[in-house]
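*Asks:* just the structure for this:
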Amino acid sequence: MKLFQTEVDAAFVLECYKVSLTSVAIIVFLEGLIWDSTWASRLRKESEVKALYLKGVVSNALHFLLIAPVAYGITCAHVEASGYYMPDWVAVPGGLLCQSVGYACCHYWMHKFVNP
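*Replies:* Numbering: from 1, shown residues only. Modelled structure (predicted):
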């Protein structure tokens, strides 16, 4: 199968998941560092906290296991098909800036009391 003239094979799919799986490993490690008995007790006793935590886990799983790899794959295939027209010293900070601004906007929207 091809996507923008890029062959979609097992190696391509694995490459698409590499960033997501690395992110999940880092998140799990950092999450393990911050858990203490107070947090574990609160998670067990307060059903609202548990529900919100589980909602976050499901949301992150959906993102890291489905949305992000597909978006990464489409982006990589498109860039490979159109050619590398931007040097890394421009592309990497630009990508990080776009991701940071997008994350900040989504995080702000998440914490608003009323959302449409």
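*Asks:* for this structure, which helix is longest?
*Replies:* helix 10-34 (DSSP state H).
*Asks:* may I see the buried residues of it?
*Replies:* Buried residues in helix 10-34, counted by 16 or more other C-beta atoms under 10 Å: 16-17, 20, 24. In this view, the C-beta of every residue, glycine as well, is placed from N, C-alpha and C.
*Asks:* what distance do you get for the most far-flung residue of the chain relative to its centre to residue 35?
*Replies:* Distance to the chain centre peaks in the chain at residue 45, reaching 29.3 Å (criterion: C-alpha atoms, centre = their mean). Applying C-beta to C-beta, to the nearest Å, the value for residue 45 to residue 35 is 15 Å.
*Asks:* likewise residue 72?
*Replies:* Plainly put, residue 72 is 29 Å away from residue 35 if you go by C-beta to C-beta.
*Asks:* please apply the same query to residue 50.
*Replies:* Separation of residue 50 from residue 35 (C-beta to C-beta): 14 Å.
*Asks:* which residues sit in contact with the most centrally placed residue in the chain?
*Replies:* Residue closest to the mean C-alpha point of the chain, counted by C-alpha atoms, centre = their mean, is residue 64 at 4.9 Å. Under the criterion of C-beta atoms under 8 Å, 6 or more residues apart in numbering, the contact list for residue 64 reads 20-21, 23-24.
*Asks:* that'll do, ta.
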